[in-house]
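J.: coordinates only, sequence not included:
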């Protein structure tokens, strides 16, 4: 049983250390890296398009609906107060129109300035209030999307570099082997090992089925061992 | 606070009541929608741990390739000798 274990371990080690990495693997990994960058841009653009549209809608609402609404609301309230004889923007402007005094003109100017400043302040506060959650959502979403793609792109770059390093070892080996007239022997070895791998797998499957307590166990184990030995030429 | 500031605040509250449905539509994604839109990918720390190991293996491979290259540079005899040395023959 010890022999069996050593043989299988040795064959598995040889197989794993001589893994086939065609140059297309590096190419595929490089293409995947480029496509990940394109997908990242596309994903980011989708998010930006959505939030750009949302922000446009908010700005349109503020400029076309909110601004006239609140100005109309305040002026209506002022008009009602004016009709009641209370101190209002209408009364102050009317007074400045009736008299030619500088004081009345300055009072009207201050009142109009106060009105406009307050209106602008309220309009911009509302704009900020509605845009802030959208900007926060956009920022959070982009941050997480960027992090995810950056991780994937970086990891893929590392895998590509690793595959390239394996290719480099293979190419150096080929060059060195060709120097001593053994060109292509490594590929032959790969083919032999692939065949050996199939035999080992089949033998392992058969070995699992053997009932070790039965009388036929030993001959069957021997049969499996012989098959494995045959691929390594160790009789 | 000026008289107009108070009045505009009152106007704002009236607007919120009047346009509630429109305002609700402009709040962006709900928490649930946002959660489903955020990519639930692996933690950066997991990536970092694996990347260190793969980088190390790549470095080893490049060293091996460099060593094989250097042996090759020394010529045919060097390659033949290297193939006789167990620790080097595995590289060739």
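T.: Structure's in. What do you need? Everything numeric in this text was worked out from a predicted model, so none of it was measured.

J.: which helix in chain A runs the most residues?
T.: Using DSSP state H, we find that the single longest helix of chain A is helix A:102-179.

J.: please name every helix or strand in contact with it.
T.: helix A:23-61, helix A:67-83, helix A:89-98, helix A:185-209, helix B:3-18, helix B:31-37, helix B:44-74, helix B:76-84 (3 or more C-beta pairs under 8 Å, 6 or more residues apart in numbering or on different chains; DSSP states H and E). Where you see a C-beta, it was placed from the backbone N, CA and C, and this is true even at glycine.

J.: which of those has the lowest mean pLDDT?
T.: Mean pLDDT per stretch puts helix A:185-209 lowest among the helices and strands packed on helix A:102-179, at a mean of 71.

J.: nearest residue to the residue nearest the centre of chain A other than its sequence neighbours?
T.: Geometric centre of chain A, nearest residue: residue A:149, 2.7 Å, by C-alpha atoms, centre = their mean. What sits nearest to residue A:149 in space, not counting adjacent residues and going by C-beta to C-beta, 6 or more residues apart in numbering or on different chains, is residue A:40, at 3.8 Å.

J.: quick one on the thing from earlier: any chance of the helices and strands packed on helix A:102-179 in JSON lines with distance to residue A:121 and mean neighbour count as columns?
T.: Formatted as JSON lines, those follow (distance: least, C-beta to C-beta, whole Å; neighbours: other C-beta atoms under 10 Å in any protein chain shown):
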{"stretch": "helix A:23-61", "distance to residue A:121": "17", "mean neighbour count": "14"}
{"stretch": "helix A:67-83", "distance to residue A:121": "11", "mean neighbour count": "16"}
{"stretch": "helix A:89-98", "distance to residue A:121": "16", "mean neighbour count": "16"}
{"stretch": "helix A:185-209", "distance to residue A:121": "77", "mean neighbour count": "14"}
{"stretch": "helix B:3-18", "distance to residue A:121": "7", "mean neighbour count": "16"}
{"stretch": "helix B:31-37", "distance to residue A:121": "31", "mean neighbour count": "11"}
{"stretch": "helix B:44-74", "distance to residue A:121": "43", "mean neighbour count": "15"}
{"stretch": "helix B:76-84", "distance to residue A:121": "82", "mean neighbour count": "15"}
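
J.: how about residue A:66, what does it touch?
T.: Taking C-beta atoms under 8 Å, 6 or more residues apart in numbering or on different chains, we find residue A:66 in contact with A:123, A:126, B:15.

J.: mind checking pLDDT for it?
T.: 98.

J.: quick one, phi psi at residue B:28?
T.: Here the main-chain torsion angles of residue B:28 (degrees, to the nearest 10) amount to phi 80, psi -150.

J.: so it is in contact with residue A:55, correct?
T.: No - using C-beta atoms under 8 Å, residue B:28 is not in contact with residue A:55; the gap is 9.7 Å.

J.: next, the angle helix A:67-83 makes with the longest helix of chain A.
T.: Helix A:102-179 and helix A:67-83 are oriented at 160 degrees to each other (axes from the mean of the first three to the mean of the last three C-alpha atoms, to 10 degrees).
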